[in-house]
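Novice: this one's structure only:
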């Protein structure tokens, strides 16, 4: 198994992107909540020597510059069956839209799972690539984000249609 990582500077701060074999397995901010230990990231590589990580960094920069709406990367997050079910729903939230933890729980068949959904969203190791910033609290409240609420707000504003900003709740 070839696990490796690269570090990239972005408009949201420094990120570490982790790859295992032919898939991206993590995207973490420097002070990321639930950031794994550095020794789990594998060896450090420069993007010039790793095509997959170079592509991930390029797509991330394009997204943050507003020229990309979807990522075309092979993703493979470690998690249990429930987390994967939640992350699959989160991955399907379209650019520029949001949902709530409760709505995801309803899609899973039980609204009372909203807290557990929140835990799964918070454990998403592929933030931005799997857009957990698009998940809000009840009534559109801006709630937790592993990269911090300032970054969550910035990501939502990046995706927000100009005509919608006047009516923003956050």
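Specialist: Received it, and whenever you're ready, just let me know what you need. Since this is a predicted model, take the numbers as computed values, not measurements.
Novice: Any chance of the backbone angles for the residue most central in space within the chain?
Specialist: In the chain, the residue lying closest to the centroid (C-alpha atoms, centre = their mean) is residue 127, at 1.6 Å. When read as degrees, to the nearest 10, the backbone of residue 127 gives phi -50, psi 150.
Novice: Okay, it and residue 109: tell me how far apart.
Specialist: Residue 127 sits at a distance of 25 Å from residue 109 (criterion: C-beta to C-beta, to the nearest Å). (Glycine included, C-beta is placed from N, CA and C.)
Novice: same deal with residue 83?
Specialist: With C-beta to C-beta as the criterion, residue 83 and residue 109 are 16 Å apart.
Novice: These two: who's more crowded?
Specialist: Here residue 83 and residue 109 are compared on neighbour count by other C-beta atoms under 10 Å; more neighbours surround residue 83, at 19 against 7.
Novice: Was I right to think that one contacts residue 120?
Specialist: Yes - counting by C-beta atoms under 8 Å, residue 83 sits close enough to residue 120 to count as a contact (4.4 Å).
Novice: Spell out which residues make up each domain of this structure.
Specialist: By the record's domain assignment, the chain is partitioned as 3-64, 81-161 (automatic domain parsing).
Novice: Just put those domains in TSV and tack on distance to residue 72 and mean pLDDT.
Specialist: Converted to TSV, the domains of the chain look like this (distance: least, C-beta to C-beta, whole Å; pLDDT from 0 to 100):
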stretch	distance to residue 72	mean pLDDT
domain 3-64	7	94
domain 81-161	10	94
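Novice: nearest to residue 73, of the ones you listed?
Specialist: Across these, residue 73 has its closest neighbour in domain 3-64 (5.2 Å, C-beta to C-beta).
Novice: Quick one: distance of that closest one to the chain centre.
Specialist: 12 Å (C-alpha atoms, centre = their mean, to the nearest Å).
Novice: ends of that domain, how far apart?
Specialist: 26 Å (C-alpha to C-alpha, to the nearest Å).
Novice: And for stretch 35-55?
Specialist: OK, stretch 35-55 end separation, C-alpha to C-alpha: 22 Å.
Novice: And stretch 141-150, by the same measure?
Specialist: OK, stretch 141-150 end separation, C-alpha to C-alpha: 14 Å.
Novice: Now do that stretch: distance to the chain's middle.
Specialist: 12 Å.
Novice: Determine the three-state secondary structure at residue 116.
Specialist: helix (DSSP: H, G, I helix; E, B strand; the rest coil).
Novice: Distance check, it against residue 33.
Specialist: Residue 116 is 17 Å from residue 33, by C-beta to C-beta.
Novice: Next: residue 68.
Specialist: 25 Å.
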